[in-house]
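Chemist: what would the 3D arrangement of this be:
(2 chains)
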Amino acid sequence: MLQYLLRRLLGMIPILFIVTIIVFLFVHLIPGDAARLVAGPDANKETIELVRKDLGLDKPIHEQYFTFIGNLLKGDLGTSLKTHKPVFDELAGRFIPTFWLTFWSMLWACIVGILIGIVSAVKRNKWQDYTGMLIAVVGISIPSFWLGLLLMQLFSVKLGWLPTGGLEDWRGYILPSITLGTGVAAIIARFSRSSLMDVLKEDYIRTGRAKGFAENSLVKRHAIKNAMIPVITMTGLQFGFLLGGSVVTETVFSFPGLGRLLIDAIATRDYPIIQAEILLFSVEFILINLVVDLMYGFLNPQIRYS
Amino acid sequence: MVSKLLEVTDLETHFISDDATVKAVDNVSFYINNAETLGIVGESGCGKSVTSLSIMRLLKNTPGKIVGGEITFLDQNLLNLSEKEMRAVRGNQIAMIFQEPMTSLNPVYKIGRQIEEGIRLHLKLDKAAAKARALEMLELVGIPRAKDILNEYPYQLSGGMRQRVMIAMAMSCVPKLLIADEPTTALDVTIQAQILDLMRDLRKNSDTSILMITHDLGVVAEMCDRVIVMYAGQIVEEASVLELFENPQHPYTKGLINSIPKLGNYTERLDSIPGNVPTPENMPTGCRFAPRCSFVMKQCLSEAPMLKGVQENHSCRCWLSEVEKND
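Modeler: Prediction:
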């Protein structure tokens, strides 16, 4: 187990190396001149060149990459071109809110989604199933910016219970979490339903029925654990996506998270921020994949021992 | 005294879909005595598995529905029991083993747990006692290292071992009737023989009756006391094993027996029954076997024969045997 973990962590290194190259190249492919942006609209040619030299943007691209990777290894992600603060600080300040937003969104989405999925699968083609799947279709179809605005209209403007945006205290999490989690809950519901329905067709469920178990206890004892294996993969992916920061939801609620930071950084060609954020996103994804794989081991003994 | 343990009377199980109703089991009647092994033989799709699932009332998750008949087991009609009462019968008084040992055990739980749960459910034993019983059963079915196997997962066992586990599980609550649905079909020939030996021993040492469902006449010859031959949802012949092999009456039964390869009989091709089982949409109006029968007569095409006794304890559904009787 420990050996496996170590092997997987070591395996991350080449992946991350490739990710840095891709990220670096991508960022430099974005049209627009960072030096010009930093120098400001009124700067003359000499100033722009001076800024370019100062930023190291005049050097060949591979040298720029080596500088970038060298600094990265020292834990230095550079400084923001816009605010001139260290990128690390900028990101750290935004990561925590996004993390909690993701956490709460995923938590309720998993609970509600899996419950709807199980009820729908067990009561397939009955009203419970139709209701559950109707909710799921609506949840998937509804655009998050619109749902966000509706919630805001109701709970913030009309009822005045919750803030319209920002993050002053824990109440700032509620509406964005609902907005962000709705789509995920719907996907999880549909996924759990189909997965559980497949499992309920398995031979070992028939064995359980032949042993005299009631349908409900069969679902609890024999089906759910098997049915959750694919659901976990999907949930892990969703978690990864949300951790990158949801651009739309964060913008609607003026939420100080990674998503808005990224959009602002792209608008101002703030290369170091973009680079660091995509890198962070990749690391998160790789780590989540690892967690998903470890959870497989808990659910499926065959994976655990091989 | 020989008494009937199970009696199926005029069982009708239909598969109902939007377009059509398929009579998967059509007016089937048979019985099993105490401590007897009854075989049901037939090709795929002849209704033998549906018959067994009907007895267990496990058709809920299929389009199948029992529309008529009676299934009398220990003097009660199983079709009148509530679902809860039926659950107390399943796995307890009637146990079942299936064709696919590879997939019939839950891959994510240990063998021990899977055997123990049925024991705890029906025999109401505590955890330790159930474990002891599970161990005893594994040893009974000839599993080496039984104690370790309790803590292993299904994927760590071979197909034959898994089928032994299934048998241990089925026998753990000392059922009156064991339904074995093609228990050896998915196994290697040598393993098949071992499993059949095991089942015969279990039969000998307990008074459990066995309903053996198979397409393999070899298995029937090895295991059964009496046989029912099914074709297209109906019983076409019923006899004791010796009688059936010595004096088969129905052309279908004869075809099945002739298609067993024989040693020392060097023909180019094996005998086979031409054609296929008729699909429900084009079920013949007369005898259902008529389109494939080499002895077909005019009468066969227009009138359906009834199952009639040709001798004591031997009945057959064929016009031919009636003609012979009249001669």
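
Chemist: report the longest helix in chain A, please.
Modeler: In chain A, assigned by DSSP state H, the helix with the most residues is helix A:87-122.

Chemist: pLDDT weak spots in the stretch 151-300 of chain A?
Modeler: The stretch 151-300 of chain A contains residues with pLDDT under 70 at A:244-245.

Chemist: state the helix or strand in which B:Thr103 lies.
Modeler: Here B:Thr103 sits in a region with no helix or strand, counting by DSSP states H and E.

Chemist: residues near residue 189, how many?
Modeler: Unless you meant another one, I'm taking chain A. By other C-beta atoms under 10 Å in any protein chain shown, 29 other residues sit near A:Ala189. C-beta coordinates here come from the backbone N, C-alpha and C atoms, glycine included.

Chemist: think we crossed wires, I meant chain B
Modeler: Counted by other C-beta under 10 Å, the residues lying close to B:Val189 total 8.

Chemist: what sits against it?
Modeler: Contacts for B:Val189 (C-beta atoms under 8 Å, 6 or more residues apart in numbering or on different chains) come out as none.

Chemist: if we go to 10 Å?
Modeler: B:Gly218 (C-beta atoms under 10 Å, 6 or more residues apart in numbering or on different chains).

Chemist: go on, A:Asp129?
Modeler: For A:Asp129, the contact set (C-beta under 10 Å, 6+ apart) comprises A:Ile116, A:Val119, A:Ser120, A:Ala121, A:Val122, A:Lys123, A:Arg193, A:Met197.

Chemist: give me the element the spatially most central residue of chain B is part of.
Modeler: Nearest to the geometric centre of chain B sits B:Ile213, at 2.2 Å (C-alpha atoms, centre = their mean). Assigning secondary structure by DSSP H and E places B:Ile213 in strand B:209-214.

Chemist: next secondary structure after that strand?
Modeler: Of the helices and strands lying after strand B:209-214 in sequence (DSSP H and E), the nearest is helix B:217-223.

Chemist: what is that following helix packed up against?
Modeler: Helix B:217-223 sits against strand B:37-41, helix B:189-205, strand B:209-214, strand B:226-231, helix B:241-246, helix B:251-258, with contacts defined as 3 or more C-beta pairs under 10 Å, 6 or more residues apart in numbering or on different chains; DSSP states H and E.

Chemist: make TSV out of those and add distance to A:Pro163.
Modeler: Conversion of the helices and strands packed on helix B:217-223 to TSV gives the following (distance: least, C-beta to C-beta, whole Å):
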stretch	distance to A:Pro163
strand B:37-41	72
helix B:189-205	69
strand B:209-214	68
strand B:226-231	72
helix B:241-246	83
helix B:251-258	79
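
Chemist: B:Glu12: which of those is closest?
Modeler: Comparison of the helices and strands packed on helix B:217-223 against B:Glu12 by C-beta to C-beta identifies strand B:226-231 as nearest, at 14.0 Å.

Chemist: the inter-axis angle of that closest one versus strand B:209-214?
Modeler: Put simply, strand B:226-231 runs at 40 degrees to strand B:209-214, going by axes from the mean of the first three to the mean of the last three C-alpha atoms, to 10 degrees.

Chemist: sorry, back to before: out of the helices and strands packed on helix B:217-223, flag the one nearest B:Met169.
Modeler: helix B:189-205 (12.7 Å).

Chemist: so what's B:Lys4 up against?
Modeler: By C-beta under 10 Å, 6+ apart, the contact set of B:Lys4 is B:Tyr31, B:Ile32, B:Asn33, B:Asn34, B:Glu36, B:Thr72, B:Phe73, B:Leu74, B:Asp75, B:Ser209.

Chemist: hang on, I meant A:Leu16
Modeler: Neighbouring residues of A:Leu16 by C-beta under 10 Å, 6+ apart: A:Leu72, A:Leu279, A:Ser282, A:Val283, A:Ile286.

Chemist: which ChimeraX command selects the buried ones in those residues?
Modeler: Applied in ChimeraX, the following selects the buried portion of the contacts of A:Leu16 according to 16 or more other C-beta atoms under 10 Å in any protein chain shown:
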select /A:72,279,282,286
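
Chemist: tell me which of the contacts of A:Leu16 fall in strands.
Modeler: Of the contacts of A:Leu16, none are assigned to strands by DSSP state E.

Chemist: okay if I get the contacts of A:Leu16 as JSON lines plus distance to A:Thr182?
Modeler: Output for the contacts of A:Leu16, formatted as JSON lines (distance: C-beta to C-beta, whole Å):
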{"residue": "A:Leu72", "distance to A:Thr182": "37"}
{"residue": "A:Leu279", "distance to A:Thr182": "29"}
{"residue": "A:Ser282", "distance to A:Thr182": "26"}
{"residue": "A:Val283", "distance to A:Thr182": "27"}
{"residue": "A:Ile286", "distance to A:Thr182": "27"}
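
Chemist: tell me which parts of the stretch 101-250 of chain B are close to chain A?
Modeler: Within the stretch 101-250 of chain B, the positions adjacent to chain A are B:101-110, B:113-115, B:117-119, B:121-122, B:152-156, B:166, B:169-170, B:172-173, B:179, B:181 by C-beta under 10 Å from any C-beta of the partner chain.

Chemist: before I go, just wanted to say thanks for your time.
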